[in-house]
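Q: prediction below, plus the sequence it came from.
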Amino acid sequence: MSFRDPNRERNDTGKVSFCTIGYISSPYEDPTQIPMVPLTLNDTEGTIEILPQFALGIDKLDRFSHIYVVYHLHRPIKAQIKVTPPFQSEEYGVFATRFNCRPNPLAMSILELVKIEGNILHVRGIDMIDGEAVLDIKPFVADFDQIP
């Protein structure tokens, strides 16, 4: 059963556009430098500079301990549909992995929000490359985001 409204126009151009709301500042210059460790073991700190026109959007974000950050991979690996993830011996479909060789160079991370100074978010657990464009930020809300 389809929930798509048959009377609504469909975008068949294959193009979707986003605006950048900020930029990552990270100690990592290359994807190979990023350690593959669980969030709880990653204490790497960095910042996210929110562009001035979006700064009001982070009002009261400091009420949350963690945030989801959706960002654009500016140095992605060539897109692949089947991959062998690190520490695995068999192939997976790319959508069953967290590999950054996706058809769309998008990624998402959960980061600890340490503090906010003006339009600068200080974060811990950073696993992004310096300079990557932030597309969206959402608060992590344990009551909604935890699977029972």
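A: Done, it's in.
Q: what about the strands in the protein?
A: With DSSP state E as the criterion, the chain has strands at 22-25, 45-50, 66-72, 82-83, 92-93, 106-117, 120-124, 133-139.
Q: so how far is residue 82 from the spatially most central residue of the chain?
A: When CA atoms, centre = their mean is applied to the chain, the residue found nearest the centroid is residue 108 (2.3 Å). Distance of residue 108 to residue 82, given as CB to CB, to the nearest Å: 21 Å. Yep, even glycine has a C-beta here, placed from its N, CA and C like the rest.
Q: same check, this time on residue 29
A: In terms of CB to CB, residue 29 sits 29 Å off from residue 82.
Q: list the contacts of stretch 42-51.
A: Identification of contacts with stretch 42-51 by CB atoms under 8 Å, 6 or more residues apart in numbering yields 20-28, 35, 57-58, 69, 114, 119-128, 130, 134, 137.
Q: now do the end-to-end distance for it.
A: 26 Å (CA to CA, to the nearest Å).
Q: flag every buried residue along that stretch.
A: 42, 44-50 (16 or more other CB atoms under 10 Å).
Q: adding distance to residue 77 and pLDDT, write these out as JSON lines.
A: Shown next, in JSON lines, are the buried residues of stretch 42-51 (distance: CB to CB, whole Å; pLDDT from 0 to 100):
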{"residue": "42", "distance to residue 77": "20", "pLDDT": "85"}
{"residue": "44", "distance to residue 77": "21", "pLDDT": "93"}
{"residue": "45", "distance to residue 77": "25", "pLDDT": "95"}
{"residue": "46", "distance to residue 77": "21", "pLDDT": "97"}
{"residue": "47", "distance to residue 77": "25", "pLDDT": "98"}
{"residue": "48", "distance to residue 77": "23", "pLDDT": "98"}
{"residue": "49", "distance to residue 77": "26", "pLDDT": "98"}
{"residue": "50", "distance to residue 77": "28", "pLDDT": "98"}
